[in-house]
Each structure stands twice: as C-alpha cells, then as structure tokens.
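Q: Prediction below, plus the sequence it came from.
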Amino acid sequence: MRLVAALSLLLALGACASVESKILSYPLGRGLVTYDELRRAKAQCEAAGGVVRPVDAGGDMSLLSNYLCEIQPKKAAKS
C-alpha cells in the first residue's frame, strides 16, 4: 500500500513538473511572409510574452509556416 502511494505521488509530481517546464509555441500561419503580416504576428507574439523565430535554418523563409512564436513559461516570482 505504501509503495502504491509513493508511486502515485511521484507520478503526480512528475506530471506537474513537466507541465510547468513546457515551452508554449505556435506557428504563425499559412501563406507568404509580408512586412505587414510579420509585423502583426510579431506584435501578437510579443504581447503573449514570446519571440518570433524561424522553425529551422533550411526552410523557405518566404512562408509564414516556417516561423514560430515561442513563449517561455513565466518564472516564479522571487519573494
């Protein structure tokens, strides 16, 4: 019984830790990159606390789907 309780506690703590450490991100969309579209997406991403970056260096940089808004999780406030 103690073993089951200890294992379930470890699983619960592991799940909480993995949820907190995930990086939230989303692709910018579909279509061609234009100045206005990239500026709008960058402003939305920064408002959410993220930064726009290319998905990988080998992709076609003229497509919005090759850009990603990467949002780091909020750091716990220090007391």
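A: That came through fine.
Q: contacts and neighbour counts: CA atoms only from here.
A: Noted.
Q: show me where this structure has strands.
A: In the chain, the strands defined using DSSP state E lie at 24-27, 50-54, 67-71.
Q: so of those, which one's packed in deepest?
A: Highest mean neighbour count among the strands of the chain (mean count of other CA atoms under 10 Å): strand 67-71, with a mean of 22.
Q: Tell me which other helices or strands that one touches.
A: In terms of contacts (3 or more CA pairs under 8 Å, 6 or more residues apart in numbering; DSSP states H and E), strand 67-71 is packed against strand 24-27, helix 35-47, strand 50-54.
Q: strands paired with the shortest one, and their directions?
A: Yep, that's strand 24-27 we're talking about. Sheet pairing of strand 24-27 (DSSP bridges) gives strand 67-71 (antiparallel).
Q: Please list all residues in contact with the nearest residue to residue 70 once chain neighbours are set aside.
A: The spatial neighbour of residue 70 that comes closest, neighbours along the chain excluded (CA to CA, 6 or more residues apart in numbering), is residue 25 at 4.4 Å. Applying CA atoms under 8 Å, 6 or more residues apart in numbering, one finds that residue 25 lies in contact with 68, 69, 70, 71.
Q: How confident was the prediction at residue 25?
A: pLDDT for residue 25: 88.
Q: Quick check: it vs residue 36, distance?
A: Distance, residue 25 to residue 36, using CA to CA, to the nearest Å: 21 Å.
Q: low pLDDT regions in the chain?
A: 1-23, 75-79 (pLDDT under 70).
Q: same thing but 80
A: Along the chain, segments meeting pLDDT under 80 span 1-23, 56-59, 73-79.
Q: what about residue 34, how many neighbours?
A: By other CA atoms under 10 Å, 12 other residues sit near residue 34.
Q: Give the phi and psi angles for it, as a check.
A: Main-chain dihedrals, residue 34, degrees, to the nearest 10: phi -120, psi 160.
Q: re earlier: any chance of TSV for the helices and strands packed on strand 67-71, columns distance to residue 60?
A: As requested, those are exported to TSV (distance: least, CA to CA, whole Å):
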stretch	distance to residue 60
strand 24-27	14
helix 35-47	15
strand 50-54	10
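Q: what about stretch 53-61, start to end distance?
A: End-to-end for stretch 53-61, by CA to CA: 11 Å.
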